[in-house]
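[1] Sequence and predicted structure, then a few things I'm wondering about:
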Amino acid sequence: MREHSSKPLNRIAYCYLGDARFNTGNSLMITGCKLGMDVRICAPHTLWPDARLVESARRMAQESGARLRITSDVDEGVKGVDFLYTDVWVSMGEDKSVWKERIDLLKPYQVNMDVVRKTGNPDVKFMHCLPAFHDRQTKVGREVYEHFGLDALEVTDEVFESPRSIVFDEAENRVHTIKAVMVATIGQDAGASATPMPERVPAAAAGAAA
């Protein structure tokens, strides 16, 4: 978001649309509240974040000056935002039996050009942590089309492949984040006089860093 906005963090607004109970929605809520940002979580009420986590995020927002809004109203959630963010509707490990119910709940929260226009911001950007089901080119995409007649799920191809989509810049940043985690977990403090690093990193440590 810093790379694609000239605004300071405390003036950046973003909206996460979709299932807000899991890691992506929770992380965006907590991080934005810590950084003093304008955070919108937009989801059907049954898929809102855990109430205790919301309470914790609101305490962080009080300290940082962040604004946190949790709503089931798409118009309210996306109005004026700088970034739209979504994630897959069925998370890893969930059974296929939840697809129909999840699609029925989340179809109104699909990021499509109508939602883009509702922001009122011609420069709004789109983000996704990937992989995304935006067409029929994947096994899941084909199965969803066969069973439910949908060409796309959480985001349409029109938005995903548009110039406003910064998903691959976002994915590239993950490489540098992983390297930073590895340095923090298996690296040696530059100021330490101490013990030399082992010639080989133990497999367990390498796995934890990855």
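    Thanks, I have the structure now.

[2] Can you show me the helices along the protein?
    Counting by DSSP state H, residue ranges of the helices within the chain are 23-35, 51-64, 74-78, 99-106, 113-118, 139-148, 157-160, 167-186, 203-209.

[3] Show me what the shortest one is packed up against.
    Helix 157-160 sits against helix 113-118, strand 125-128, with contacts defined as 3 or more Cβ pairs under 8 Å, 6 or more residues apart in numbering; DSSP states H and E. Bear in mind the C-beta positions are built from the backbone N, C-alpha and C, glycine included.

[4] can you tell me how far the spatially most central residue of the chain sits from Val175?
    Centroid-nearest residue in the chain, with Cα atoms, centre = their mean: Thr24, separated by 4.6 Å. When Cβ to Cβ, to the nearest Å is applied, the distance between Thr24 and Val175 equals 19 Å.

[5] If I follow the layout properly, the residue nearest to the centre of the chain ends up in contact with Tyr16?
    Yes: using Cβ atoms under 8 Å as the test, Thr24 is close enough to Tyr16 to be in contact (7.1 Å).

[6] I figured Thr156 was touching Val115, is that so?
    No: under the contact definition of Cβ under 8 Å, Thr156 does not touch Val115, with a separation of 9.3 Å.

[7] Return the helix or strand in this structure with minimum mean pLDDT.
    Within the chain, judged by mean pLDDT, DSSP states H and E, the helix or strand with the poorest mean is helix 203-209; its value is a mean of 40.
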